[in-house]
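K.L.:
coords below, sequence missing:
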């Protein structure tokens, strides 16, 4: 399996940690459901993932630093959720990232300067409670 699209399927509950075992997954779309709870750090094991869309759910907690291991990721969307805390500096490891879209969360603190090293980035939408850090 390389593509899993469960957009608008009225899914509820937490994302199962077992999704991190789908080693060949390149695209995961779970937006516009009723998913809750924290994002499982096991998502950081999806080394072939290029597209991750999780927006429009009710996730809580902090962004897992392990998601910075997704070196092939080009598109990351986690908007309209209830994520809190800072953006992990490990997100600077998302070397292929072109779009990062995370508005309408409760993220706080400075945007890590490591995100400034993402040479391929084309679009960065951040929550209103964050600001650029200094190097």
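P.N.:
In hand now; what should we look at? These figures come from a predicted structure and were not determined experimentally.

K.L.:
quick one: average confidence on the helix or strand where residue 4 lies?
P.N.:
Using DSSP states H and E, residue 4 sits in strand 3-5. In this model, strand 3-5 has a mean pLDDT of 96.

K.L.:
which other helices and strands does that strand contact?
P.N.:
Counting contacts by 3 or more C-beta pairs under 8 Å, 6 or more residues apart in numbering; DSSP states H and E, strand 3-5 packs against strand 27-29. In this view, the C-beta of every residue, glycine as well, is placed from N, C-alpha and C.

K.L.:
show me the shaky parts of the chain.
P.N.:
Low-confidence segments of the chain (pLDDT under 70): 1, 118-135.

K.L.:
and the strands in it?
P.N.:
Applying DSSP state E to the chain gives strands spanning 3-5, 12-13, 27-29, 34-37, 51-53, 58-61, 75-77, 82-85, 99-101, 106-107, 109-111, 123-125, 130-132.

K.L.:
circling back to that earlier point, paired strands for the strand holding residue 4, with orientation please.
P.N.:
strand 27-29 (parallel) (DSSP bridges).

K.L.:
hmm, who's touching the partner strand?
P.N.:
By C-beta atoms under 8 Å, 6 or more residues apart in numbering, the residues outside strand 27-29 that reach it are 2-7, 19, 43, 46, 49-54.
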